[in-house]
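> Sequence and predicted structure, then a few things I'm wondering about:
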Amino acid sequence: MDIVALIAQYGYVAVFLGALFEGESVLLLAGYAAHRGYLDFAVLTGVAGMGAMTGDQFFFWLGRRHGQTLLLRRPALRGKVDHALDLIQRHPAGVILAMRFMWGLRIALPVAVGLSGVTRWRFFWLDLASAALWAPLVGGVGYLFGALLSTHLAVLHRIEHWVMLGFVVAVLALRGFLHSRHTRS
């Protein structure tokens, strides 16, 4: 099975799973794949938005139901969650709308919103709006990047699958390194 077939078969699943947590790198690559015709851009943004919302709603629920227990078990999260709670106290709607764009606080923010006084329905609707902005914007950047590359670097088409695979491996290696460094601290 070649890379194009793998993208066509598992691309949307990868986007959904990537969007559950952070998602930018996967969505940028998927936007590029949409430009190349391997994925449908509208489906891609819908799947990314659903993945983003699913993750956010889960972490909101986790914060609402088990936030205090989670913070006792994982004290390393306390600083991020306290910072997020401070932001939420001052600007609840703005923080929820912008949280998809706040790298590094993507899991802590929904947990913190769950710990705050924001109602679940208010969070749901603001999160929906945030995901509806985030998915086409980030996917569109990948799509436009693909358009730019294809007009200026025709040679890339011969090796694009290897470049995409290398990018994924590099991102996973970086995440693994940062995670291992964070858990050792």
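Nice, thanks for sending it over.
> rest of the way, CA atoms for contacts and neighbours
Fine.
> Isn't E22 up against W103?
Yes - with contact defined as Cα atoms under 8 Å, E22 and W103 form a contacting pair (7.3 Å).
> Neighbour count: these two, which is higher?
Neighbour count, other Cα atoms under 10 Å: between E22 and W103, E22 has more, with 21 against 11.
> contacting residues for that one?
103, 106 (Cα atoms under 8 Å, 6 or more residues apart in numbering).
> which other helices and strands contact the helix or strand bottoming out on mean pLDDT in the chain?
For the chain, using mean pLDDT, DSSP states H and E, the weakest element among its helices and strands is helix 156-184, scoring a mean of 79. If you count contacts as 3 or more Cα pairs under 8 Å, 6 or more residues apart in numbering; DSSP states H and E, helix 156-184 packs onto helix 24-35, helix 120-152.
> M164: which of those is closest?
Comparing these by their distance to M164 (Cα to Cα), the top pick is helix 24-35, with 7.1 Å.
> Residues contacting stretch 71-78, please?
A108.
> Any idea how far it is from the middle of the chain?
In terms of Cα atoms, centre = their mean, to the nearest Å, the centre of stretch 71-78 is found 22 Å from the chain centre.
> same thing with stretch 81-92?
That offset, for stretch 81-92, works out to 20 Å (Cα atoms, centre = their mean).
> same deal with stretch 174-185?
19 Å.
> tell me which residues of it are tucked away?
Buried residues in stretch 174-185, defined by neighbour count with 16 or more other Cα atoms under 10 Å: none.
> From A84, how far out is R90?
10 Å (Cα to Cα, to the nearest Å).
> what about these two, which has more around it?
Legend: neighbour count by other Cα under 10 Å for R90 and A84, higher for A84 (22 against 10).
> quick one: pLDDT of that one?
In this model, A84 is scored at 79, pLDDT.
> any idea how far R36 is from the closest residue to it other than its chain neighbours?
Leaving aside its sequence neighbours, A84 sits nearest to L109 (Cα to Cα, 6 or more residues apart in numbering; 5.6 Å). With the distance defined as Cα to Cα, L109 ends up 34 Å from R36.
> and what of D2?
15 Å.
> before we move on, what about V168?
In terms of Cα to Cα, V168 sits 17 Å off from R36.
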